[in-house]
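K.L.:
Build me a model from this:
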Amino acid sequence: SGCYKDDITGQILVDSLIEQARKVEMDYFEQKQVWELRDKVECFQRTGRPPVTVRWVDANKGDDIHTNYRSRLVARQMKRKGTESIFAGTPPLEAVRTVISMAATSCGKWTPNWDPKSKKRTQILLIDISRAYFNAKTDPNQPTYVELPKEHPEHGKKVGLLKRHMYGTLGAADGWQEEYSCSLIEFGFRQGLSSACVFTNEEREVICAVHGDDFTFTGPADQLYEIEKMMRNKYELKVGGRLGPGLNDDKEATILNRVIRWQEKSLEYEADPRQAETLVYEL
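P.N.:
You can find the predicted model right below:
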């Protein structure tokens, strides 16, 4: 119908696929118990303000042939004058590149194992946490109420009191950083000093860089399997790749839209191909 467009590219999207993607998102809200339904009057009584408005962000992560529709319900919570700014750390790209480089670099006691048959062969593990912010609980002393989308049966009648952070709220990124940091420390990692998004586990000989909901690990294969198992017990996740010298190890994967290739005697790190295409086009 032309009613739905990709928020990034402006491409017209297929109605039925968008409706399906939005239903998946709403089901996930219910599954994760992101909010509790409350009367509007409660919102005004506790906050003195109307509920935070929401909007849909639709995108086709694939292409016209291989579609991959995603719909995210996002809160539009703006920073108000007089309120403290909330920040969440983001590692420099050098942090991710260093973690990847360590898979091929000897440094002090750190020595990569490129034996393809060894259980302790060095690997690079890429993990993506699904809807990461939903794992971070909100502060009950600072309630946030949001409007319900038109797809919800109680739209216009009730509002949602957030029990977990959702995309677009001021404290979402900070809450998620505190959540995953505590988990990694619980798993035996030590948080970095220069960057709070870099972690090391000397006992397991594993290092990690976290960029939002993307985790990049380097270490022995057997230890990475254990870490993946611990992560799965706490979060819903996808493994973007397990690169290594083994016969069945992945040889190519992407992280932050960069392409990593495990070659026979080296590692290859390629910049975002889409940006290269755009640059060539503009030139």
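K.L.:
Would you map the strands across this structure?
P.N.:
35-39, 54-60, 69-75, 122-129, 145-147, 158-162, 190-191, 198-201, 206-211, 214-220, 237-243, 252-255, 258-262, 267-270 (DSSP state E).
K.L.:
What helices and strands are in contact with the second one?
P.N.:
Translated: strand 54-60. For strand 54-60, the packing partners by 3 or more CB pairs under 8 Å, 6 or more residues apart in numbering; DSSP states H and E come out as helix 15-32, strand 69-75. Heads up, the C-betas are built off the backbone N, CA and C, glycines and all.
K.L.:
Return the list of strands paired to the shortest one, each annotated with direction.
P.N.:
In other words, strand 69-75. Strand 69-75 has the following sheet partners, assigned by DSSP bridges: strand 54-60 (antiparallel).
K.L.:
any idea of the angle the strand it pairs with forms with helix 15-32?
P.N.:
The directions of strand 54-60 and helix 15-32 differ by 120 degrees, with axes from the mean of the first three to the mean of the last three CA atoms, to 10 degrees as the criterion.
K.L.:
what's the most centrally placed residue in the chain in contact with, if anything?
P.N.:
Among the residues of the chain, the one closest to the centroid is Asp213, at 2.2 Å (CA atoms, centre = their mean). Contacts for Asp213 (CB atoms under 8 Å, 6 or more residues apart in numbering) come out as 128-130, 132, 176.
K.L.:
circling back to that earlier point, would you convert the helices and strands packed on strand 54-60 into TSV that also reports distance to Ala276, mean neighbour count and mean pLDDT?
P.N.:
Below are these laid out as TSV (distance: least, CB to CB, whole Å; neighbours: other CB atoms under 10 Å; pLDDT from 0 to 100):
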stretch	distance to Ala276	mean neighbour count	mean pLDDT
helix 15-32	29	15	92
strand 69-75	24	20	92
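K.L.:
how about the ones you listed in JSON lines, adding distance to Phe199?
P.N.:
Conversion of these to JSON lines gives the following (distance: least, CB to CB, whole Å):
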{"stretch": "helix 15-32", "distance to Phe199": "25"}
{"stretch": "strand 69-75", "distance to Phe199": "27"}
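K.L.:
So for Cys107, which of these sits nearest?
P.N.:
strand 69-75 (39.0 Å; CB to CB).
K.L.:
so the closest one versus strand 158-162, what angle?
P.N.:
Using the same axes, to 10 degrees, strand 69-75 lies at 90 degrees relative to strand 158-162.
K.L.:
I appreciate the help and will end here.
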